[in-house]
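make a model of this:
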Amino acid sequence: MALPQDFSQLKEALAKANDIYMLIAENPNPDTVAGALALYLSLKEVGKNVLVGCQSPMRVEFSRLVGVDKVTTKIGSRNLVISFDYYQDSIDKVSYHVEGKMFNLMVQPKTGAKPLNPANVKYSYSGAAADMVFIVGATTLDNLGDLYRLERKLFDEAYTVGVSRFQVAAYAQTMVTDPQASSVSEVVFQLVKALELSVSGDSASNLLFGIEYATQSFSAATTSATVFEAVAELLKAGGRRQFPAVTVGEKKAVVGEPSQVRVTEPAADRGVMKPMTPAMSAKNPPQGVTTQNQSDDKPPEEWLQPKIFRGSTKV
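Model prediction:
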């Protein structure tokens, strides 16, 4: 991975940051989620407050990843937003007054306009705030969905870092990319080492899962020597390999391990001895193979005569 020129600036910003957002592009694959959660765990190890967000809900295939239960679809929770249908020139003014401990917001319609229908009022939260934002697996900020559209101010105020396999137009203050990498998880691993963060067993397990998914258990053309070097380091760090299960016939095999398939005969044939099929025909033997005459194969005639036993005397 080629480190960005302003990498020292990134390290300095990380040292000062306390609240960090880890945002994942919507509709992510297991590799992207694995890389983001691995970075999340490494940042938690050094005492950072980290929130992980993704517009898309997490799928069952991510269930083996450590920390997947921490991913939320909403990141703003500071400001209460009150929304309702608005018609042009229908509102005269908006005001508020406080009665005791009750805050009252008043929306006054213009003369002749219909009053606001309480059934159409919606409530939500916004106002995300963080010192640093990592954006994982996105090519543009729009890939974050509502996490970006509803919180644009966050991206103007926080130090932003884009992490991707692909060389894309810069959408963050620091871009960490590597077109030669096999996976997002591989890029994240190189970033974690460059930031001198620790890699726990759980973090290493997530990265192994992402790398194996992206490389199809090391069978993809993008699998380079660097991949195996990273895998070796992750295993030494306590990483555990977790293979996605695939179905072979009625049995499930594990990707990366040889499948042991036992062939059984139909039930109707069980217990029935089948005649052995001759390996070659006697009529047309291969060249160089001689055969005996059929007469030579006949047993002596006395063998075919019946034998009678009476007592101990043989007749």
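
which residues touch residue 13?
131-132, 159 (CB atoms under 8 Å, 6 or more residues apart in numbering). For glycine as for every other residue, the C-beta is placed from the backbone atoms N, C-alpha and C.

residues contacting stretch 197-211, please?
If you take CB under 8 Å, 6+ apart as the criterion, stretch 197-211 is touched by 30-35, 37-38, 41-43, 45-46, 64-67, 182-186, 188-189, 192-193, 227, 230-231, 234-235, 237-242.

which of the residues you listed are buried, as a PyMOL select command?
Per 16 or more other CB atoms under 10 Å, the buried members of those correspond to this PyMOL selection:
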select buried, resi 30+31+32+33+34+35+37+38+41+42+43+64+65+66+67+182+183+184+185+186+188+189+192+227+230+231+234+237+239+241+242
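
inside helices: which ones of the contacts of stretch 197-211?
Per DSSP state H, helices hold the following members of these: 30-35, 37-38, 41-43, 45, 184-186, 188-189, 192-193, 227, 230-231, 234-235.

strands of this structure, residue ranges please.
Along the chain, counting by DSSP state E, strands occupy 19-24, 49-54, 71-72, 79-83, 91-99, 102-109, 122-126, 132-136, 159-164, 174-177, 245-248, 251-254, 309-310, 313-314.

identify whichever of those lies nearest to residue 12.
The closest of the strands of the chain to residue 12 is strand 159-164. By CB to CB, the value is 9.5 Å.

could you say what helices and strands that closest one packs with?
With contacts taken as 3 or more CB pairs under 8 Å, 6 or more residues apart in numbering; DSSP states H and E, strand 159-164 sits against helix 7-16, strand 132-136, strand 174-177, helix 184-194.

could you export these as TSV, including mean pLDDT and distance to residue 117?
Below are the helices and strands packed on strand 159-164 laid out as TSV (pLDDT from 0 to 100; distance: least, CB to CB, whole Å):
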stretch	mean pLDDT	distance to residue 117
helix 7-16	92	47
strand 132-136	98	38
strand 174-177	94	47
helix 184-194	96	47
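
adding distance to residue 76, write these out as TSV.
Formatted as TSV, the helices and strands packed on strand 159-164 follow (distance: least, CB to CB, whole Å):
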stretch	distance to residue 76
helix 7-16	22
strand 132-136	13
strand 174-177	23
helix 184-194	25
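
what residues does stretch 159-173 touch?
6, 9-10, 13, 17, 35, 39, 131-141, 174-179, 181, 183-184, 187-188, 191.

low-confidence ranges in the stretch 201-315 of the chain?
Applying pLDDT under 70 to the stretch 201-315 of the chain picks out residues 243-315.

re the thing from before, which one of the helices and strands packed on strand 159-164 lies nearest to residue 214?
Comparing these by CB to CB, helix 184-194 comes nearest, at 6.8 Å.

and the angle from the closest one to strand 132-136?
150 degrees (axes from the mean of the first three to the mean of the last three CA atoms, to 10 degrees).

mind starting the numbering at 24 from now?
Okay, using 24 as the starting number, the last item reads as helix 207-217.

elements contacting helix 207-217?
Helix 207-217 packs on helix 53-68, strand 182-187, strand 197-200, helix 224-237, helix 248-259, going by 3+ CB pairs under 8 Å, 6+ apart.

so what's the gap between the longest one and the chain middle?
Computed by CA atoms, centre = their mean, to the nearest Å, the chain-centroid distance of helix 53-68 equals 11 Å.

for that helix, give the mean pLDDT please.
What helix 53-68 shows for mean pLDDT is 98.

what's the angle from it to strand 155-159?
Using the same axes, to 10 degrees, the inter-axis angle of helix 53-68 relative to strand 155-159 is 160 degrees.

how about the helices and strands packed on helix 207-217 in JSON lines, adding distance to residue 115?
Below are the helices and strands packed on helix 207-217 laid out as JSON lines (distance: least, CB to CB, whole Å):
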{"stretch": "helix 53-68", "distance to residue 115": "47"}
{"stretch": "strand 182-187", "distance to residue 115": "41"}
{"stretch": "strand 197-200", "distance to residue 115": "48"}
{"stretch": "helix 224-237", "distance to residue 115": "55"}
{"stretch": "helix 248-259", "distance to residue 115": "63"}
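
buried subset of the contacts of stretch 182-196?
For those, buried by 16+ other CB under 10 Å: 33, 36, 40, 58, 62, 154-161, 164, 197-201, 204, 206-207, 210-211, 214.

residue 234 and residue 246, how far apart?
Between residue 234 and residue 246 the computed distance is 9 Å (CB to CB, to the nearest Å).

quick one, which of these two is more surrounded?
residue 234 (30 against 18; other CB atoms under 10 Å).

which other residues reach stretch 63-80?
Outside stretch 63-80, the residues within contact range by CB under 8 Å, 6+ apart are 40-51, 56, 59-60, 89-90, 93-98, 153, 167-170, 215, 220-223, 225-226, 229.

of these, buried ones?
Neighbour counting over the contacts of stretch 63-80 (16+ other CB under 10 Å) leaves 40, 43-49, 51, 56, 59-60, 89-90, 93-94, 98, 153, 167-168, 170, 215, 220, 222-223, 225-226, 229 as the buried ones.
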